[in-house]
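Colleague: A predicted structure for the sequence below; I have some questions about it.
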Amino acid sequence: MKRQEHPIAFRALSAFCALLLAATLTACDASGRLSFDGLWPGVTSGYVSPYDWDNLAQENGRFVYHEGGKQVSRTGIDVSSHQGAINWRSVAADGIDFAFIRLGYRGSSEGQVYLDQYFEDNYRGATEAGLPIGVYFFSQAINEAEAHEEAEFVLAALAGRALAYPVAYDFEPTGDGSGRANHLPRHQLTSDALAFCETIEAGGHRAMIYGNAGDISRYYLEVLKGRAIWFAEYDASYPSGQFDFSIWQYSNSGQVAGINTAVDMNIELDSH
């Protein structure tokens, strides 16, 4: 995803470093309310994916997944103000099946919460074009109260409008290392994600977690209780995440009719 202040090179490096760190670190919640010890299944050697990646192929530069000779995957994009104005009818006509729209974000330095300036246009345009949508929020919450505030902001902006896809919690470190939430411990990051998801779910929507391998390694996934994961990994022939996920964001350089910039490409896999 293209957002404020995180170059892809940094994300790749941070993903590698976080994976190494995740293999050796353990932590727990000193309050005793949650138990965090030894909970990330992504670093275990016994993980078996529910998908057979031999069934994954590229058609016209986009990934598709087949079972029994039938395509069972869907192609999606995610967008924000970085894409500018979008012709959503052209997007839908170009084989796009769903879209995630950035609803808002918290500033990584001052901590102010903002609505994405194109959210309303994108929600209306995608809906009128018949595309099922979800939304995401770029979090920089440093505690549960701020994560709750972000989720309440999302619910207020949606104002009761329905979503076909979940609300995604997107926490990422900033590329220059100065982000207010860059160095939070894993138990705090997990507690923040849980607070966001529970608030969203109490508001009547499904919640999911977005991130690359490094981002996901910073959570205690069992504490997040099986909530869906949207996994980001670019320039790979198949996803290498050692945890279950339902959507794979495989490129940030896609080309789609109706969008004048590069755009993130996603494949949704049938649940197993």
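Modeller: In hand now; what should we look at? Numbering: from 1, shown residues only.
Colleague: What is the neighbour count of the closest residue to Y219 other than its chain neighbours?
Modeller: Once flanking residues are discounted, Y219 sits nearest to T190: 5.0 Å by CB to CB, 6 or more residues apart in numbering. All C-beta spots, glycine's among them, are computed from the backbone N, C-alpha and C. The tally of other residues near T190 (other CB atoms under 10 Å) stands at 25.
Colleague: okay, T190: pLDDT?
Modeller: With respect to pLDDT, T190 scores 98.
Colleague: Surely it forms part of a strand?
Modeller: No: counting by DSSP: H, G, I helix; E, B strand; the rest coil, T190 is not found in a strand; it is helix.
Colleague: what are the phi and psi angles of D244?
Modeller: phi -70, psi 140 (degrees, to the nearest 10).
Colleague: Going forward, count from 17.
Modeller: Okay, residue one is now 17; in that scheme the one you just asked about reads as D260.
Colleague: I'd say it and P66 touch.
Modeller: Yes: in this structure D260 lies within contact range of P66 using CB atoms under 8 Å: 6.5 Å.
Colleague: Neighbour count for those two, which is higher?
Modeller: Shown here are D260 and P66; by other CB under 10 Å, D260 has more neighbours (18 against 11).
Colleague: Next, work out how far apart the more buried one and I245 are.
Modeller: 7 Å (CB to CB, to the nearest Å).
Colleague: Surely S106 and N276 touch.
Modeller: No: look at S106 against N276 with CB under 8 Å: they stay out of range, at 10.7 Å.
Colleague: Of those two, give the one with the bigger neighbour count.
Modeller: S106 (14 against 11).
Colleague: Show the model's pLDDT score for that one.
Modeller: Value listed for S106 in the pLDDT field: 98.
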